[in-house]
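> Quick one, structure for this:
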Amino acid sequence: MQHQKLIEDYQRCKPALDQQAAELQKRLSVLLDESGIPVHDISARVKSAASLVQKASRPDRIYTGLEDVTDVIGLRVVTYFEDSIESVAQLIEKHYAVDWERSIDKRLHGDPSRFGYRSLHYVCRLATPQQPLSEFFPFEIQIRTILQHAWAEIEHDLGYKYPEAVPQPVRRRFSRLAGLLEIADAEFVELRKTMDSYAQDLHAGLSGPRADLPWDALSLETLVATADVMAADQRLAAALQKALGAQVFFPDYLIRMLNASGLHNRDCLSAALVEFEPQLETFMHRYFTFTRETWGFHGLDFDSLPRGYTLFLLALWQVFRSATLEIHRLEKLKTFYQLLDYPHNEEEARRVARLFMKNFQDGTE
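Numbering: from 1, shown residues only. Predicted coordinates:
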């Protein structure tokens with residue numbers, strides 16, 4: 001009979017519950033955006049009638065009213081990193097009225113093999129001067145990492161939400177997997193810290209012992225932001241009467257170009273850039289004559305010139321000037337284009353190399 005009253009109250013309140021869930025999700029999204037905390041997902045749901053009946057039917061639970069069910073409205077924040085959980089938690093404690101008696105940090109309790117349910121659960125009420133505490137249903141905010149979330153979803157799909165339901169033969173395998181995922185969560189945090197430290201070192205300067213580092217996305221970004229490359233990019237943009245864009249020119253492709261041209265690190269590149277700088281604009285105009293004939297594209301077709309385009313041209317110039325005999329230049333250019341653009345079409349790479357040579361046949365260096 002009590003269950004029937006609970007369901008009747010639920011059905012009567014369902015439209016308001018749906019509206020409140022949407023508003024709560026929106027508000028939490030705004031708070032997280034304003035805080036600058038990166039998260040993978042923020043979701044909200046209202047418990048289904050069938051799920052509510054199942055929960056209310058448990059012999060170890062007594063619900064006198066709908067407000068006793070703390071997760072009729074549930075919000076979930078999925079973070080990328082485990083240490084972000086603490087940042088989200090601090091935000092919730094600051095902006096929501098937390099029911100401390102019914103909230104629980106499942107990371108600190110229970111079976112350590114319960115990886116998926118090690119998430120942090122807050123039961124909250126949102127109170128404002130216009131709408132006092134009593135007018136709000138409680139709602140639950142669950143915070144977990146993306147790995148914890150994946151585990152919980154798979155575990156739920158297998159039908160083993162409670163430890164007691166897991167057959168003894170598979171419990172050990174569950175525990176082993178839980179340990180692996182817990183290690184993975186910790187390692188992702190350490191990887192991020194290592195990358196942050198590496199980025200700070202790069203931004204401190206590429207001179208000295210750091211100048212022989214191989215190219216990667218971070219070292220390339222730092223190089224593109226140096227005064228010499230920025231000034232050269234600005235010159236190219238002005239020559240084309242274009243603005244200099246915010247994005248680096250296809251970083252993965254640019255790294256491959258620099259490596260293929262023999263400019264493997266800052267030590268190699270710096271001297272080449274000094275030699276190339278006087279010919280920068282002339283080389284660019286001749287290159288775009290070549291691209292118009294070969295692919296129907298010209299630099300004027302850019303909406304804005306991508307940052308790092310100087311390095312793109314420098315790599316081409318480096319390949320072109322690395323041989324003195326025309327036959328050797330042709331072969332080097334063919335190999336270069338085959339490696340980058342035509343790995344399965346040597347003939348097309350050779351055709352493009354010939355067209356390039358035709359536009360630079362006076363030996364411009």
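> Okay, helices next: where are they in the protein?
Along the chain, counting by DSSP state H, helices occupy 2-35, 49-56, 84-95, 146-158, 168-203, 217-224, 227-240, 251-260, 266-276, 280-295, 309-321, 326-340, 346-359.
> Centre of the chain to the third one, how far?
Spelled out, that is helix 84-95. 21 Å (Cα atoms, centre = their mean, to the nearest Å).
> go on, the second one?
Shown here is helix 49-56, whose average C-alpha point lies 37 Å from the average C-alpha point of the whole chain (Cα atoms, centre = their mean).
> how far off helix 2-35 does it point, in degrees?
110 degrees (axes from the mean of the first three to the mean of the last three Cα atoms, to 10 degrees).
> List the buried residues for helix 49-56?
Of all the residues in helix 49-56, those buried under the rule 16 or more other Cβ atoms under 10 Å are Leu52, Ala56. Glycine gets a C-beta too; all of them are placed from N, C-alpha and C.
> Tell me which of the helices of the chain is the most buried.
helix 309-321 (a mean of 22; mean count of other Cβ atoms under 10 Å).
> helices or strands up against that helix?
helix 227-240, helix 251-260, helix 266-276, helix 280-295, helix 326-340 (3 or more Cβ pairs under 8 Å, 6 or more residues apart in numbering; DSSP states H and E).
> now the first one against helix 266-276, angle please.
In other words, helix 227-240. Going by the same axes, to 10 degrees, helix 227-240 makes 40 degrees with helix 266-276.
> The fourth one now?
In terms of direction (the same axes, to 10 degrees), helix 280-295 departs from helix 266-276 by 100 degrees.
> Need the residues that contact helix 280-295.
232, 235-236, 239-240, 276, 297-300, 310, 313, 316-317, 352, 355-356, 358-360, 364 (Cβ atoms under 8 Å, 6 or more residues apart in numbering).
> repeat that with 10 Å
Here helix 280-295 makes contact (Cβ atoms under 10 Å, 6 or more residues apart in numbering) with 232-233, 235-236, 238-240, 273, 276, 279, 297-301, 305, 309-310, 312-314, 316-317, 320, 351-352, 354-360, 362, 364-365.
> in the stretch 151-300 of the chain, what spans have low per-residue confidence?
158-166, 203-213 (pLDDT under 70).
> Spell out which residues make up each domain of this protein.
Domain assignment of the chain by automatic domain parsing yields the ranges 2-185, 209-359.
> re the thing from before, figure out which of the helices and strands packed on helix 309-321 is closest to Val77.
Proximity to Val77 (Cβ to Cβ) singles out helix 251-260 among the helices and strands packed on helix 309-321, at 30.8 Å.
> Please name every helix or strand in contact with that closest one.
helix 217-224, helix 266-276, strand 305-307, helix 309-321, helix 326-340 (3 or more Cβ pairs under 10 Å, 6 or more residues apart in numbering; DSSP states H and E).
> just so I know, which of the helices and strands packed on helix 309-321 lies nearest Phe137?
Comparing the helices and strands packed on helix 309-321 by Cβ to Cβ, helix 251-260 comes nearest, at 48.6 Å.
> distance between that closest one and the chain's centre?
On Cα atoms, centre = their mean, the centre of helix 251-260 falls 22 Å from the chain's centre.
> Surely Ile73 and Lys14 touch.
No - Ile73 lies out of contact with Lys14 (Cβ atoms under 10 Å); the separation is 11.1 Å.
> Are there residues contacting both of the two? Which ones?
Between them, Ile73 and Lys14 share the contacting residues Val46, judged by Cβ under 10 Å, 6+ apart.
> in the sheet, who's paired with Val78?
Asp41, Arg144 (DSSP bridges).
> Counting neighbours, what do you get for it?
Neighbours of Val78 under the rule other Cβ atoms under 10 Å: 21.
> what do you get for the one 5 residues further on?
Using other Cβ under 10 Å, Asp83 has 15 other residues around it.
> related to what we said a few turns ago, out of the helices of the chain, which gets nearest to Leu108?
helix 84-95 (12.2 Å).
> Which strands or helices does the closest one pack on?
So helix 84-95, by 3+ Cβ pairs under 10 Å, 6+ apart, packs with helix 2-35, strand 39-46, strand 73-79, strand 120-125, strand 139-145, helix 168-203.
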